[in-house]
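Colleague: With the input below, show me the fold.
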Amino acid sequence: MKRLSAIGATAVVVGVVGATVLPATAASAEDREGHKGRAVGWHLRTGKHTAMWTGTHVLDNGSPALCLDLAWYGPDGTDNGYKKTGAPSELTKDTQARLAALAAKYGKLPDDVKGRNTTAAASLLTWALAAHDGIDENGYNGEKIPWQTWLTKGMPKGAIAGYGADAKVDTAPIVAEFNQLRTEIQKVDDAPYTLSVEGSGKTFPYERTPEEKALTLKVAQGDKPAADVHVKTTGLTNVAEPKTPGEVGTTDAKGEATFRFTPDKPGTKTGAKFGAEVSVNTPTFWHTDRTVHGKPMQRLIYFVAEQKPLTAAGEIAFQPPAIVITEKKDRATGKAVSTPATYEIHADDKGAPGKVITTVTTGKDGKSQPVDLPAGTYWLVETKAPEGYQIDKEPKRIEAKSGEQQVITVWDNVVPTPTPTPPSTPPATPEQPQPKPPAPAGVVPSGGQLARTGTNSTPYLAAGAAALVLTGGGALALARRRKAADRP
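Modeller: Reported below is the predicted structural model:
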């Protein structure tokens, strides 16, 4: 870091505050090594006699610094005790951290009215912080300036005024900025910055198809969140998306940023390495070679907004899968069935088969390929039986356990072979008597009877007469028995 060895106390000549046009040139200085810079701020007066330059000095290499141009010396012209290099030993670590924070945030503002007002307020606050630590920042010829009161109770209106060429500067915005900054700066302390990964080390259930996960990155100073810190990944392990390391984001008011990623291999550990940078430098104090009337005229407090790297790593893990193998066997023989059977593995849905997870087919050894599953309840449903076997319509419940392999045996029955039934012989039909054909005309049948015209009804008449005789005889016998029964 190059240190300024001399800086001019030249006032910046401006017009009425509020005008949008500022001078093209500003107070400038050149250190002994020839590095030039520019100053942004106002000449102000505190008290009756003390005048100071309040603003920043930006080196030509881009490093921001608060440049304090104040007559810091005792009424007798002696040095107030500062060394040429190094921060005063009276300053606490918290004060140094606050001075560094001011430099990092306000040490490089634009050369416009608002920028000059803010840098002037930040410069005034640095002196108030020094006074808080007991360093007597007296003004010209020992004039007492109420830095401590301004820091603790606030700067009153009219406490400062423009000076010299900047006599017409409206100082009300500077007073308001000072009072706002004095409240903000109290939140900064010397606690170290940390980068942590929330959710790192968490174990998730096994996933056959990895889903997007998230890790929360936190940047803090002590127990206080650090906002507006850029966080990035510097390395990835088993990550499918994003494909390459890069920007994660900027921390929010809670000091948090979220890294979203998708693992690329089921069941493997996955994660990333992270990095961030924060301003953690401490101020450097020294005085210049310039004197006025034989007295040291200026004290410069110069800060470089150096960046300190923060690193962290985070990863997540998965439970090992449950391995399920389906096996088909013949119920009768107990042997494996070599012809393929097809099964669906379903998720559990309130004690019944739900969504289909995958489909498996048994091979010649009767077994399917291993299936990796998250631990839980599943159902095995046969959808196609082996050739020659009956399909098993009863779903099989599976309790899959993480890290364990189990074989689910399904027993099938052979399709029964039907017993052949001999054909039945229909009953024989009795032979019916065939009527004799009539004798030819002119032929006398045996018995010497001549043929008669018409149908020969003699046999029928004889049969009828015989029936009548039998019927009549039966009736007569019945009547006689009844008459005998009626006798006393």
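
Colleague: which is the next helix or strand following whichever strand or helix holds Ser196?
Modeller: Taking DSSP states H and E as the criterion, Ser196 maps to strand 193-198. Per DSSP H and E, strand 193-198 leads on to strand 203-204 as the next helix or strand towards the C-terminus.

Colleague: now the angle from the next helix or strand after that next one to strand 193-198?
Modeller: Moving toward the C-terminus from strand 203-204, the next helix or strand (DSSP H and E) is strand 213-221. If you take axes from the mean of the first three to the mean of the last three C-alpha atoms, to 10 degrees, strand 213-221 sits at 160 degrees to strand 193-198.

Colleague: May I see the buried residues of the helix or strand Ala130 falls within?
Modeller: Ala130 is part of helix 113-132, with elements assigned from DSSP H and E. Going by neighbour count (16 or more other C-beta atoms under 10 Å), the buried part of helix 113-132 is 113, 115-132. Where C-beta positions appear, they are placed from N, C-alpha and C, glycine not excepted.

Colleague: tell me the mean pLDDT over that helix?
Modeller: Helix 113-132 carries an average pLDDT of 85.

Colleague: Which other helices and strands does it contact?
Modeller: If you count contacts as 3 or more C-beta pairs under 8 Å, 6 or more residues apart in numbering; DSSP states H and E, helix 113-132 packs onto strand 36-46, strand 50-59, strand 66-70, helix 93-106, helix 147-153, helix 172-185.

Colleague: weakest of these in terms of mean pLDDT?
Modeller: strand 66-70 (a mean of 48).

Colleague: Tell me, how many residues neighbour the closest residue to Ala131 other than its chain neighbours?
Modeller: Leaving aside its sequence neighbours, Ala131 sits nearest to Trp147 (C-beta to C-beta, 6 or more residues apart in numbering; 3.4 Å). By other C-beta atoms under 10 Å, the residues close to Trp147 number 23.

Colleague: so where's the chain shaky on pLDDT?
Modeller: For the chain, applying pLDDT under 70 flags the ranges 1-40, 49-90, 104, 107-108, 135-142, 279-306, 425-488.

Colleague: hmm, back to that, list the contacts for the residue nearest to Ala131?
Modeller: Residues in contact with Trp147 (C-beta atoms under 8 Å, 6 or more residues apart in numbering) are Trp127, Ala128, Ala130, Ala131, His132, Glu137.

Colleague: now Pro370
Modeller: Ile323, Val324, Ile325, Gln405.

Colleague: burial count for the residue lying closest to Pro309 once chain neighbours are set aside?
Modeller: Using C-beta to C-beta, 6+ apart and skipping residues adjacent in sequence, the residue nearest Pro309 is Glu277, 5.5 Å away. Counted with other C-beta under 10 Å, residues neighbouring Glu277 total 16.

Colleague: same check, this time on Gln221
Modeller: Counted with other C-beta under 10 Å, the neighbours of Gln221 add up to 21.

Colleague: Check Gly158 too.
Modeller: 9.

Colleague: so which helix or strand takes in it?
Modeller: Counting by DSSP H and E, Gly158 is found in no helix or strand.

Colleague: still on that earlier bit, from the contacts of Trp147, pick the one nearest Pro156.
Modeller: The closest of the contacts of Trp147 to Pro156 turns out to be Ala128 (C-beta to C-beta; 13.4 Å).

Colleague: Verify the contact between that closest one and Pro146 for me.
Modeller: No: between Ala128 and Pro146 there is no contact under C-beta atoms under 8 Å: 9.1 Å.

Colleague: re earlier: who does the strand holding Ser196 pair up with?
Modeller: Strand 193-198 sits in its sheet next to strand 213-221 (antiparallel), going by DSSP bridges.

Colleague: what's near enough to touch Leu124?
Modeller: Contacts for Leu124 (C-beta under 8 Å, 6+ apart) come out as Leu44, Thr46, Thr54, Trp150, Met155, Ile160, Ile174, Phe178.

Colleague: Who are the contact partners of Leu151?
Modeller: Listed by C-beta under 8 Å, 6+ apart, the contact set of Leu151 reads Leu125, Ala128, Leu129, Ala131, His132, Arg182.

Colleague: repeat that with 7 Å
Modeller: Counting by C-beta atoms under 7 Å, 6 or more residues apart in numbering, Leu151 touches Ala128, Leu129, Ala131, His132, Arg182.

Colleague: Would you check how far apart the residue nearest to the second one when sequence neighbours are not counted and Ala130 are?
Modeller: Right, Leu129. Closest residue to Leu129 apart from its sequence neighbours, by C-beta to C-beta, 6+ apart: Thr95 at 5.1 Å. From Thr95 across to Ala130, the span is 7 Å (C-beta to C-beta, to the nearest Å).

Colleague: the strands in the stretch 351-488 of the chain, which residues?
Modeller: Taking DSSP state E, counting those that start in this stretch as the criterion, the stretch 351-488 of the chain carries its strands at 353-361, 371-373, 376-384, 396-400, 405-412.

Colleague: my guess is Gly164 meets His43, correct?
Modeller: Yes: the pair Gly164 / His43 is scored as a contact, 5.0 Å apart, by C-beta atoms under 7 Å.

Colleague: Which one of the two is surrounded by more residues?
Modeller: Legend: neighbour count by other C-beta under 10 Å for Gly164 and His43, higher for His43 (25 against 15).

Colleague: Look up which residues are beta-bridged to the more buried one.
Modeller: Trp53.

Colleague: same thing with Lys367?
Modeller: Assigned bridge partners for Lys367, using DSSP bridges, are Glu327.

Colleague: How about the contacts made by Thr118?
Modeller: Counting by C-beta under 7 Å, 6+ apart, Thr118 touches Tyr106, Leu109, Glu177.

Colleague: Without its sequence neighbours, what residue ends up closest to the first one?
Modeller: Residue nearest to Tyr106 in three dimensions, not counting chain neighbours: Ala122, with 4.1 Å by C-beta to C-beta, 6+ apart.

Colleague: how near is that neighbour to Ala165?
Modeller: 21 Å.

Colleague: ok, back up a step: any idea which of the contacts of Leu124 has the most stuff around it?
Modeller: Busiest of the contacts of Leu124 [other C-beta under 10 Å] is Thr54, holding 31 neighbours.

Colleague: what's in contact with stretch 402-417?
Modeller: For stretch 402-417, the surrounding residues in contact (C-beta under 7 Å, 6+ apart) are 206, 319-320, 322-332, 337, 375, 380, 382, 385-386, 388-390, 392, 396, 398.

Colleague: Apply 8 Å and report the result again.
Modeller: Around stretch 402-417, the neighbours that count as contacts under C-beta under 8 Å, 6+ apart are 205-206, 319-332, 337, 341, 343, 367, 370, 374-375, 380, 382, 385-386, 388-392, 396, 398, 400.

Colleague: Only the buried residues of that stretch, if you could.
Modeller: Buried residues in stretch 402-417, counting neighbours by 16+ other C-beta under 10 Å, are found at Ile408, Val410, Asp412.
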